[in-house]
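In: the sequence and its predicted three-dimensional model are supplied below.
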Amino acid sequence: KAGVTQTPRYLIKTRGQQVTLSCSPISGHRSVSWYQQTPGQGLQFLFEYFSETQRNKGNFPGRFSGRQFSNSRSEMNVSTLELGDSALYLCASSLGLGGTQYFGPGTRLLVL
Amino acid sequence: DQQVKQNSPSLSVQEGRISILNCDYTNSMFDYFLWYKKYPAEGPTFLISISSIKDKNEDGRFTVFLNKSAKHLSLHIVPSQPGDSAVYFCAASYHSGAGSYQLTFGKGTKLSVIP
């Protein structure tokens, strides 16, 4: 089975721009979660989607949003980028009934 | 408030010896615990998990122990190999409503296995 894939792998943006990241889960997985990893804060939960609905949201500003499509693929969007948004953004998929989440390789975002 | 803590930022172990990585948690609602291994610029790789109804789970060289009364879990790697050198994250989850299970991570322990 193919693992979780994320595109693009690397991205450079400037302050004020917006960005869209994409995640394709493991086949058969209906839950997609997004996490942000920074050196200072570690891995932090952004939000989770299950069957095209956001089930849970972490403590991030409204500039961070996401969506999930009927094929379980998910996108996350960050608007009005700030320097502090520079991070590794990780997507994880699971069956959605609890249990193990499997991570993709991440998208490294650099905001200049 | 850090709900999952890994108090050792780094650990060095000789090849062939046992590596013990520790994790403490504060939220008694956590009912599922996982360990992930991470290399730089890659996503975390799932290693092993344990449900709160168990106190031990083994998978090859990896064993996870859970002490619910102490809110403590540990990962034992025996024998340690140079390829085990990576950052290890402890994570915990619980049913947070509407069927969602979000992971809360510790800040990681960097394991170095010396040949």
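Out: Arrived safely. Numbering: from 1, shown residues only, chains lettered A, B, ... in the order given.
In: of all residues in chain A, which one is nearest the centre?
Out: A centroid search over chain A (Cα atoms, centre = their mean) returns A:Trp34, at 3.4 Å, as the residue closest to the centre.
In: who's in contact with it?
Out: When contacts are counted by Cβ atoms under 8 Å, 6 or more residues apart in numbering or on different chains, A:Trp34 is found next to A:Cys23, A:Phe45, A:Leu46, A:Phe47, A:Glu48, A:Gly66, A:Ser74, A:Met76, A:Tyr89, A:Leu90, A:Cys91, A:Ala92. Glycine gets a C-beta too; all of them are placed from N, C-alpha and C.
In: what about B:Thr104, neighbour count?
Out: Using other Cβ atoms under 10 Å in any protein chain shown, the number of residues around B:Thr104 comes to 21.
In: picking up where we left off before, B:Leu75: which of the contacts of A:Trp34 is nearest?
Out: When the contacts of A:Trp34 are ranked by distance to B:Leu75 (Cβ to Cβ), A:Ala92 comes first, at 19.4 Å.
In: quick check: which element contains the closest one?
Out: Assignment of secondary structure by DSSP states H and E places A:Ala92 within strand A:87-94.
In: which residues sit against that strand?
Out: Looking at what lies outside strand A:87-94 - Cβ under 8 Å, 6+ apart - the contacts are A:4, A:6, A:21, A:23, A:25-26, A:29, A:31-38, A:43, A:46, A:72, A:74, A:76, A:100-104, A:106-109, B:41, B:43-44, B:101, B:103.
In: the least confident helix or strand in chain B by mean pLDDT packs against which elements?
Out: Here the helix or strand of chain B ranked lowest by mean pLDDT, DSSP states H and E is strand B:101-105, holding a mean of 86. Here strand B:101-105 is seen to pack against strand A:31-38, strand A:42-50, strand B:86-95 when contacts are counted using 3 or more Cβ pairs under 8 Å, 6 or more residues apart in numbering or on different chains; DSSP states H and E.
In: if we go to 6 Å?
Out: Packed against strand B:101-105, as judged by 3 or more Cβ pairs under 6 Å, 6 or more residues apart in numbering or on different chains; DSSP states H and E, are the following elements: strand A:42-50, strand B:86-95.
In: what pairs with that strand, parallel or antiparallel?
Out: Take DSSP bridges as the rule and strand B:101-105 pairs in its sheet with strand B:86-95 (antiparallel).
In: work out the gap between the strand it pairs with and the centre of the chain.
Out: Centroid separation for strand B:86-95 versus its chain: 6 Å, with Cα atoms, centre = their mean, to the nearest Å.
In: give me the angle between that strand and strand A:42-50.
Out: Using axes from the mean of the first three to the mean of the last three Cα atoms, to 10 degrees, the inter-axis angle of strand B:86-95 relative to strand A:42-50 is 40 degrees.
In: list the buried residues for strand B:86-95?
Out: Residues of strand B:86-95 classed as buried: B:Ala86, B:Val87, B:Tyr88, B:Phe89, B:Cys90, B:Ala91, B:Ala92, B:Ser93, B:Tyr94 (neighbour count, 16 or more other Cβ atoms under 10 Å in any protein chain shown).
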